[in-house]
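In: fold the stuff below for me.
(one chain, ligands or ions: 1)
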Amino acid sequence: MTKQIAAETLREWLDAQQPVTVLDIRADEDRAQWAIPGSLHLNAYEALRAGQPGALAGASFPRDRPVVTVCNAGGVSQTAADVLTERGFDARSLAGGMKAWSLAWNTAEVQLADPSVRVIQVRRTGKGCLSYIVGSTDDAAVIDPSVSPDVYLQIASRHGWSIRYVLETHVHADHLSRARELALQTGAALLLPAQQRVRFACTVIADGERVVLGNAGLTATHTPGHTDESTSYVLNEAAVFTGDTLFINGVGRPDLHAAPEAARQRARRLFASLVRLRGLPPGMVALPAHASEPIAFDGRAVAAPMGAIAAWLSGWLVSEDAFVERVTSQLPPTPPNFVRIVDLNEAGEFPTSDPTDLEAGANRCAVT
Ligand SMILES: [Fe+2]
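Out: Purely as a prediction, here's the structure:
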């Protein structure tokens, strides 16, 4: 019988820096989309499927640690694990493959000057989704939750925080929002920017409105463009949660759910929003809702001071017309299943079936 390892167990091993060799046997084009950080790659998928165990003959790894084989859905990786087991390795197959890995997450604390306010970045590593817990004294707020509510509840309880607010920067298109579910479970207030999109009860947080937890104040700053409702949240003088408006090395795409002319109009609004964000103090830390690559288990937050961002962003903001041209002509392919995901997020529904069926794949919310 092939030994298997659950995605959650592999996640825990990597989180604990436990020695393990992760061997990705997928085809080059699948690997190029997304991968497990630190994994080795040997394109053996087709050969193994065709019954050629010799495809792994050239593979050599340390013998003092387990090997986890990975494919797209956890089928052919079992053959790979069998072949390696026969060669004497302690090999096991990642159950559910990269599809199951889509739910794996890790955390990093954001370094801030004020020790009474803490921000923990919760990263869905495969998809690059970034969410946050802001905690101060006994209270916490969660921004853009993209993994199971249990994860935020565990982190909050470890710090002695009660989750009082759940905030979204916008209606997401790349992952199923866990915001409503988390708010229902915790009794927290569910805060969304003003929009005519969602079909469930929530509290609207308007431009300039502020929520307070302990020493932390979160002020909504309407930054339309990626979507009309997109809003950033400024935390004291310390940080700004930029959603999909501004990333560490790129800006939000303006075209999802928009016809070409509407996308150009959104791009104009995005230009104004980015000019507004660029005006924030240079020492303020920008905390986006996505990273462009799978996120390592390195405990280092995906973040950059606004000063560092302004250095490249200013090149984008020289003229509005040039900006509009740039962000509407270099668009990546749309995220898989985004129409269905947006529809579920607007309905406030979480599918009872396996969410990874809809969410698998890398995120594609940025223009870089
Ligand atoms: Fe988005």
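
In: residues in contact with the closest residue to the ion within the chain?
Out: Using C-beta to the ion, the single residue of the chain nearest to the ion is Asp244, 3.5 Å away. From N, CA and C alone the C-beta is placed, and that goes for glycine too. Contact analysis of Asp244 by C-beta atoms under 8 Å, 6 or more residues apart in numbering lists 169-170, 172, 226-227, 230, 252-253, 288-290, 365-366.

In: how does it look with 7 Å?
Out: By C-beta atoms under 7 Å, 6 or more residues apart in numbering, Asp244 lies in contact with 170, 226, 230, 252, 289-290, 365.

In: which parts of the chain are helices?
Out: 7-15, 28-33, 45-49, 76-86, 97-101, 149-159, 179-186, 260-278, 306-316, 320-329, 338-347, 356-359 (DSSP state H).

In: which of the ones you listed is buried the deepest?
Out: helix 97-101 (a mean of 24; mean count of other C-beta atoms under 10 Å).

In: residue ranges in this structure under the pLDDT threshold?
Out: Under the criterion pLDDT under 70, the flagged ranges of the chain are 361-365.

In: for the closest residue to Ser136 other than its chain neighbours, give me its contacts.
Out: Using C-beta to C-beta, 6 or more residues apart in numbering and skipping the chain neighbours, the partner closest in space to Ser136 is Gly214 (2.9 Å). Neighbouring residues of Gly214 by C-beta under 7 Å, 6+ apart: 116, 136-139.

In: do that again at 10 Å, thanks
Out: When contacts are counted by C-beta atoms under 10 Å, 6 or more residues apart in numbering, Gly214 touches 116-118, 134-140, 161, 164.

In: same thing with His226?
Out: Going by C-beta under 10 Å, 6+ apart, His226 touches 169-170, 173, 242-246, 251-256, 266-267, 269-270, 273, 289, 327, 365-367.

In: in strands, which of those fall?
Out: Counting by DSSP state E, the part of the contacts of His226 found in strands is 242-243, 251-252, 366-367.

In: for the residues you listed, which one is nearest Ala311?
Out: Closest approach to Ala311 among the ones in strands among the contacts of His226 (C-beta to C-beta): Val251, at 14.3 Å.

In: which strand residues bridge that closest one?
Out: On the basis of DSSP bridges, Val251 is bridged to Leu246, Val367.

In: do the same with Tyr165
Out: Here Tyr165, judged by DSSP bridges, has bridge partners Ala141, Ala189.

In: does it touch Val142 like I think?
Out: Yes. Counting by C-beta atoms under 10 Å, Tyr165 does reach Val142; the two are 7.4 Å apart.

In: coming back round to it: which one among the contacts of Asp244 gets closest to Leu112?
Out: Nearest to Leu112, judged by C-beta to C-beta, of these is Ala289 at 18.5 Å.
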